[in-house]
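# Sequence isn't available, so here's the structure alone:
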């Protein structure tokens, strides 16, 4: 069975006449008839009733024609895919990144990517997980970098790296004197947390086995990790920060970083697209740039780490 044979039977069904179908396909009628006969012999059924004019498809022929139409449509996409591949690192590309990932990951690879692919216009949006997944499903963005494997059937995730959580503790906090953080040491009233809806918060709340954290007396709505870090540096409370954030800190700031005791809470970072996304080369380039930009030991789950 060949693509050409499927084109022939579709042409016959369209014109209901072998001679007209042959003319349309730019072959002789004997050639077309012979190829259709070979297909019928291969399938073991008659596809057309030739006993009267115009010819009509048989019951089995109708089913074969329906499938042939789908096969030829998929085959037609091959050229589109090849064209897209050639042009995939050109034009605009809409990428959403979580606010707890963007400030620490993007500076590590974005400039290098832009220098290598000057015709690529990457448009970045910082979005929380739920609106990011919604935008992907609606086709409003092309891809996203999020902190969990998507469960939606229309989406696919490509693993990027593991990222451990750390405590960032004021020198005025009793926990500052400890080398490692245990969940029982955390004082909710002096803990700066992102608003509900951030997966960063949700993952840590699950790990710390807290259904709800008591609101900080100086509650800060819509705060960012950077703001909370400044609050800690000013001498009040503690917060949590991702591993890449610790790599941007000065030596003085590093003194306020505390790892968790084993098990160490860790998140998985994924590059997510729709399953029908066909800019494969661009996806591969982005994933490679990101994985090259993070420390190599973050590409595997390390001893003592636990995915939350």
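All right, it came through fine. Just so you know, these numbers come straight off a predicted model, no measurement behind them. Numbers count the residues shown, from 1 in each chain.

# Can you name the residues that contact the nearest residue to residue 102 once chain neighbours are set aside?
Using C-beta to C-beta, 6 or more residues apart in numbering and skipping the chain neighbours, the partner closest in space to residue 102 is residue 126 (5.2 Å). No exception for glycine: its C-beta is placed from N, CA and C like everyone else's. Listed by C-beta atoms under 8 Å, 6 or more residues apart in numbering, the contact partners of residue 126 are 96-99, 102.

# which of these tops the neighbour count?
Neighbour counts for the contacts of residue 126 were taken using other C-beta atoms under 10 Å; the highest belongs to residue 96, which has 25 neighbours.

# secondary structure class for that one?
Using DSSP: H, G, I helix; E, B strand; the rest coil, the three-state assignment for residue 96 comes out as strand.

# all helices for the stretch 1-150 of the chain, in order.
All helices of the stretch 1-150 of the chain, identified by DSSP state H, counting those that start in this stretch, fall at 3-15, 18-25, 29-43, 59-87, 102-116, 129-138.

# so residue 190 makes contact with residue 239?
No: applying C-beta atoms under 8 Å as the test, residue 190 and residue 239 come out as separate, 9.9 Å apart.

# Who has more neighbours out of those two?
For residue 190 and residue 239, the more surrounded residue by other C-beta under 10 Å is residue 239, and the numbers stand at 24 against 21.

# Surely the more buried one is within a strand?
Yes: with three-state DSSP as the criterion, residue 239 is located in a strand.

# Show the contacting residues for it.
Counting by C-beta under 8 Å, 6+ apart, residue 239 has contacts 167-168, 191-193, 225, 228-229, 231-232.

# redo that, cut-off 7 Å
Taking C-beta atoms under 7 Å, 6 or more residues apart in numbering, we find residue 239 in contact with 168, 191-192, 225, 228-229, 232.

# just residue 10 next, same as before
When contacts are counted by C-beta under 7 Å, 6+ apart, residue 10 touches 65, 68-69, 72.

# same deal with residue 8?
Contacts of residue 8 were listed using C-beta under 7 Å, 6+ apart, and they are 21, 25, 32, 35-36.

# distance of it from residue 275?
Remark: distance between residue 8 and residue 275 (C-beta to C-beta, to the nearest Å) = 32 Å.

# in the sheet, who's paired with the closest residue to residue 301 other than its chain neighbours?
In space, residue 301 comes closest to residue 162 once its chain neighbours are excluded; the distance is 5.4 Å by C-beta to C-beta, 6+ apart. Each beta-bridge partner of residue 162 is listed here: residue 268, as defined by DSSP bridges.

# Residue 162 against residue 268, yeah?
Yes: contact between residue 162 and residue 268 holds when scored by C-beta atoms under 7 Å: they sit 6.1 Å apart.

# which ones are touching residue 105?
244, 290.

# circling back: how near is the residue nearest to residue 102 to residue 158?
Taking C-beta to C-beta as the criterion, residue 126 is separated from residue 158 by 20 Å.
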